[in-house]
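>>> Model the structure of this input:
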Amino acid sequence: MSTRDLHTNIKTVLMMVPIVVNNDTEGTPSTGLDCREGDANEIILAVGDSGDTLSGSLKHDVIAEDSNDNSTFTAITDANALLLTGNKVASTLGSNGIIYTIDDPAEDQIVVRCGYLGSKRYFRLRVDTTGTHTNGTPMSMVGIQSRLHNAPVKDA
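As a prediction, this is how the structure comes out:
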């Protein structure tokens with residue numbers, strides 16, 4: 001086996017099936033990424049072209065959250081707990097945990113990467129939708145884990 005093998009040394013978890021997001025419940029994964037399975041945890045949110053004209057009153061906020069029990073999630077407000085990549089990612093986190101806002105047609109069709117360095121067991125991204133989205137925005141979310149405690153693994 002090649003020493004450059006990444007394939008058997010990562011685990012992928014489908015966190016949000018590809019869907020056209022029109023409201024908050026559609027943009028929220030049912031569970032978080034279990035960070036106990038690997039020491040390096042990342043979530044990737046892929047966003048397509050919105051069918052609505054986005055603005056400050058018709059938008060999607062991407063919020064980073066963590067949890068000890070996988071049921072009660074709170075916004076991550078410590079920027080040191082996250083590694084962020086994206087074209088308009090927040091430079092600072094307030095009490096709301098927003099890491100990215102999609103409120104302009106030039107801001108969709110993006111991949112947002114968010115790595116987790118925090119201490120809680122579960123981590124997720126949640127899409128908070130503001131306004132009435134008639135046509136919606138296509139999105140999907142995948143968790144990636146590496147430095148696994150048990151490798152090779154099968155994807156969930």
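>>> Show the contacting residues for the closest residue to residue 32 other than its chain neighbours.
Excluding its sequence neighbours, the residue lying closest to residue 32 (CB to CB, 6 or more residues apart in numbering) is residue 122, at 3.2 Å. For every residue, glycine as well, the C-beta is placed using N, CA and C. The neighbours of residue 122, taking CB atoms under 8 Å, 6 or more residues apart in numbering as the test, are 31-35, 66-70, 73.
>>> Can you name the residues bridging to residue 122?
residue 34, residue 67 (DSSP bridges).
>>> how close does it sit to residue 15?
Residue 122 sits 11 Å away from residue 15 when distances are taken as CB to CB, to the nearest Å.
>>> do residue 147 as well
19 Å.
>>> try residue 114
As judged by CB to CB, residue 114 and residue 15 stand 11 Å apart.
>>> Show the subsequent helix or strand relative to the helix or strand bottoming out on mean pLDDT in the chain.
Ranked by mean pLDDT, DSSP states H and E, the weakest helix or strand in the chain is strand 82-85, scoring a mean of 82. Once the chain leaves strand 82-85, the next helix or strand it forms, by DSSP states H and E, is strand 98-102.
>>> on contacts alone, who are the packing partners of that following strand?
strand 59-67, strand 110-116 (3 or more CB pairs under 8 Å, 6 or more residues apart in numbering; DSSP states H and E).
>>> mind checking which of those is nearest residue 140?
strand 110-116 (10.3 Å; CB to CB).
>>> Need the residues that contact that closest one.
Strand 110-116 is contacted by residues 33, 35, 40-47, 62, 64, 66, 81-89, 99-100, 102, 123, 125 when judged by CB under 8 Å, 6+ apart.
>>> which of the residues you listed are buried?
Neighbour counting by 16 or more other CB atoms under 10 Å classes 33, 35, 41-45, 47, 62, 64, 66, 81-82, 84, 86, 89, 99-100, 102, 123, 125 among the contacts of strand 110-116 as buried.
>>> for this protein, which spans come out with low pLDDT?
Scanning the chain for pLDDT under 70 picks out the ranges 1-4, 86-92, 94, 151-156.
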